[in-house]
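Enquirer: everything below, folded, please.
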Amino acid sequence: MQKRLRFFIIAAVALAVMAAAYLSETRRAVETGFALDTVISVTAKGNKAKTATASAVSRVYEIERRLTSYSQTSEIVTGVLGEDASAVIRRGIFFGDKSDGLFDITVKPLTDLWGISTPSPRVPSREEIERVLPLIDYKKVEIKENRLILPKDMAIDLGGIGKGYAADEAARVLRQYGIKDGIVDLGGNIVVIGEKRIGIQNPKSNRTGDYMGIIKARDCAIVTSGNYERNFVQDGRTYHHIFNPKTGMPSDSGLLSATVVCENSQDADAIATIIFIMGAEDGLSFARSMGVQALTVSEDGEVRKTEGIEIEITDSSFFFRED
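Expert: Residues are numbered from 1 along each chain as shown. I've put the predicted structure just below:
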């Protein structure tokens, strides 16, 4: 009798340990960091959630090392391309073609001139801008085998598409671990696994978590481009980081932000930038031509959208109009 009781006690303890171990693996896990010039966060629920989120963030760091234009050892600086850099550059060229050059991955000489990513941004003279504009031409980018070939003084900046690629890769890693409930958030580039309600940043506010509306999303990417993300003030005027490569100036399309919902973050990243530069009417037409959903927020607070997006406006300073 005592042996049988001892057996049941041991078995019960073993089952309790196994259950505790299982529960610890199915708890919600969050991994955060700083990469691609933004705060990043990966959240997951399910088996191996902690391992999955850590691996996803590690993949983001790996992509940053390969794609950054601010490291002498990155692939786009050395010109020796791996699969990641080659794939993103080719997709960037694709969107250059689709947008008639409004999306241009060779914009780096222009962003460097403005010093947008430095502690001391400035407004350059028109003469300075005219000197660098000939260096902005994605059609001159060549890839031969694994080599990147650029004319002298040209340089690539994948900031308008690389973050989206990294978000897709982080989500892919989560799915490899069997995650069916999670969010990848790379500073405005979001990939949803499962069904979520995602807040859309109030473009009139710099406070994180101040939303103008909520979108219902399931297994998709949501990317917002806006003039509130990075900007500076000179002589009483605000200048932001989304440049029109044809004028050399920050885009002046009348939009505060553009949001795209589609299957992958890489495409949503580029398309959101293009819409922001085009403006509401042309931008939404472009979104439809690309088979994605989109919404725009204008300077007067008007919200316009393509068919299919479910959004609840939560800030009364914005008003909705079916497009």
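Enquirer: mind checking the longest strand of this structure?
Expert: As assigned by DSSP state E, the longest strand anywhere in the chain is strand 211-226.
Enquirer: what's downstream of that strand, the next helix or strand?
Expert: Going down the chain from strand 211-226, the next helix or strand is strand 231-234, by DSSP states H and E.
Enquirer: before we move on, back to that, buried residues, the longest strand of the chain. List them.
Expert: Neighbour-count burial for strand 211-226 flags 211-215, 217, 220-226 (criterion: 16 or more other CB atoms under 10 Å). Placement of C-beta: from N, CA and C, glycine included.
Enquirer: over to stretch 233-245?
Expert: Of all the residues in stretch 233-245, those buried under the rule 16+ other CB under 10 Å are 239-245.
Enquirer: give me the average confidence score over the helix or strand encompassing residue 91.
Expert: Assigned by DSSP H and E, residue 91 belongs to helix 83-98. Mean pLDDT, helix 83-98: 98.
Enquirer: that older thread, may I see the buried residues of stretch 233-245 organised as JSON lines, with distance to residue 163, pLDDT and secondary structure added?
Expert: Shown next, in JSON lines, are the buried residues of stretch 233-245 (distance: CB to CB, whole Å; pLDDT from 0 to 100; DSSP: H, G, I helix; E, B strand; the rest coil):
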{"residue": "239", "distance to residue 163": "21", "pLDDT": "92", "secondary structure": "strand"}
{"residue": "240", "distance to residue 163": "17", "pLDDT": "93", "secondary structure": "strand"}
{"residue": "241", "distance to residue 163": "13", "pLDDT": "92", "secondary structure": "coil"}
{"residue": "242", "distance to residue 163": "13", "pLDDT": "96", "secondary structure": "coil"}
{"residue": "243", "distance to residue 163": "16", "pLDDT": "96", "secondary structure": "strand"}
{"residue": "244", "distance to residue 163": "20", "pLDDT": "97", "secondary structure": "strand"}
{"residue": "245", "distance to residue 163": "18", "pLDDT": "97", "secondary structure": "coil"}
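Enquirer: looking at the residues you listed, which is nearest residue 56?
Expert: Among the buried residues of stretch 233-245, residue 241 lies closest to residue 56 (CB to CB), at 26.2 Å.
Enquirer: confirm that residue 30 sits in a helix.
Expert: No. According to DSSP: H, G, I helix; E, B strand; the rest coil, the state of residue 30 is strand, so it is not within a helix.
Enquirer: go ahead and confirm it touches residue 42.
Expert: Yes. Using CB atoms under 8 Å, residue 30 is in contact with residue 42, at 7.2 Å.
Enquirer: which residues are in contact with both of the two?
Expert: By CB atoms under 8 Å, 6 or more residues apart in numbering, residue 30 and residue 42 have these common neighbours: residue 53.
Enquirer: and these two? which has more neighbours close in?
Expert: For residue 30 versus residue 42, neighbours defined as other CB atoms under 10 Å are more numerous around residue 42 (31 against 13).
Enquirer: any idea how far that one is from residue 193?
Expert: 10 Å (CB to CB, to the nearest Å).
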